[in-house]
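Enquirer: sequence and computational prediction follow.
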Amino acid sequence: MTNLRKSRLLSVVLVLIFTQQSHASNVGGVFGPGVRAGDQSLQYRGAYDPDNNDFVQRLHYQQSLNDNVRLRGVLQARKTENSDVDFDFFQGELQWQLEGSDTWQHAVRVDARIRDQGRVGSVGVNWANQFKLSPRLDARAIVLGLVEIGDAARSGVFLQTRASVSHKLNDRLRLSAELFSDYGSSSDFKSFDEQTHQVGPALSGKIENGWSFFSGVLLGANSASPDTSLRFWLTKTFR
């Protein structure tokens, strides 16, 4: 790919990012840009907010089409007055890893989310980056953007960023520090005190036979953010 084509592609991506965005979620991750040929996995995610006794659950299934493109389906359940496990949304995702280098990898992910009972859906475009800082140290930075779709859709572009720094402790374990920030809609940007900012540590690692885990806690960095969010997910890789 020539430098001119790279510049044009980057310009298109940036335009899309700042016209479409994905809402933050306490079961969201600081996902990497890498796509592996033959990847096929199933993942369970759970997150609990002890302050309001809120529990959110997700199921992810993903499969790569080749060494650049991956599809994922996401089914999320929420706690309501009628049920502890009620349908929240289904989301389809397509991730395309772009040409990078040994020290920088990046990808574009397109999301489409649908809900029931007349609740708004959304379409989003996200730009994920990963930087190799040293043999054991990695950093990730993501810009997310979405627009809402539906009769009750709010105006503007909803903007979010996520970031992490992770250290490989050994062949199985990795320790991370994560930051999630939600800025609200471009039509009415919130002040810092009204935005959502959460930061916290996480530990992830391999188990056996294709199983791996992630466990972490997010703490509110300002008064508008949830004080605590406990998170855990379990992944089974089939190939």
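Expert: Thanks, I have the structure now.
Enquirer: what about the helices in this protein?
Expert: Per DSSP state H, the chain carries helices over the ranges 3-17.
Enquirer: okay, now the unreliable bits of it?
Expert: 1-25 (pLDDT under 70).
Enquirer: tell me what the nearest residue to D102 once chain neighbours are set aside is bridged to.
Expert: Leaving aside its chain neighbours, D102 sits nearest to K132 (6.7 Å; criterion: C-beta to C-beta, 6 or more residues apart in numbering). All C-beta spots, glycine's among them, are computed from the backbone N, C-alpha and C. With DSSP bridges as the criterion, K132 is bridged to D138.
Enquirer: I figured K132 hits D138, correct?
Expert: Yes - counting by C-beta atoms under 8 Å, K132 touches D138, with 6.1 Å between them.
Enquirer: neighbour count: those two, which is higher?
Expert: D138 (19 against 14; other C-beta atoms under 10 Å).
Enquirer: identify the residues contacting that one.
Expert: Residues in contact with D138 (C-beta atoms under 8 Å, 6 or more residues apart in numbering) are Q130, F131, K132, V165, S166, K168.
Enquirer: can you give me how far stretch 69-86 is from the chain middle?
Expert: 15 Å (C-alpha atoms, centre = their mean, to the nearest Å).
Enquirer: pull out the buried residues from it.
Expert: Within stretch 69-86, the residues scored as buried using 16 or more other C-beta atoms under 10 Å are R70, R72, V74, Q76, A77, K79.
Enquirer: repeat that for stretch 192-207.
Expert: Q195, T196, H197, Q198, V199, G200, A202, S204, G205.
Enquirer: quick one: residues in contact with it.
Expert: Outside stretch 192-207, the residues that reach it (C-beta under 8 Å, 6+ apart) are 24, 26, 164, 171-184, 212-226, 229, 231.
Enquirer: pull the CA coordinates from that stretch and hand them back as PDB.
Expert: Output in PDB follows, covering the C-alpha atoms of stretch 192-207 (Å, rounded to 0.1, in the frame of the first residue of the first chain):
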ATOM      1  CA  PHE A 192     -15.400  17.100  32.900                       C
ATOM      2  CA  ASP A 193     -17.500  16.800  36.100                       C
ATOM      3  CA  GLU A 194     -20.500  15.500  34.000                       C
ATOM      4  CA  GLN A 195     -18.400  13.000  31.900                       C
ATOM      5  CA  THR A 196     -17.600   9.400  32.800                       C
ATOM      6  CA  HIS A 197     -14.000   8.500  33.600                       C
ATOM      7  CA  GLN A 198     -13.000   5.200  35.100                       C
ATOM      8  CA  VAL A 199      -9.500   3.800  35.700                       C
ATOM      9  CA  GLY A 200      -8.200   0.600  37.300                       C
ATOM     10  CA  PRO A 201      -6.000  -2.500  37.300                       C
ATOM     11  CA  ALA A 202      -6.600  -5.800  35.500                       C
ATOM     12  CA  LEU A 203      -5.000  -9.200  35.500                       C
ATOM     13  CA  SER A 204      -5.400 -11.600  32.500                       C
ATOM     14  CA  GLY A 205      -3.900 -14.900  31.700                       C
ATOM     15  CA  LYS A 206      -3.900 -18.300  30.000                       C
ATOM     16  CA  ILE A 207      -5.300 -21.400  31.800                       C
END
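Enquirer: brilliant, that's me finished.
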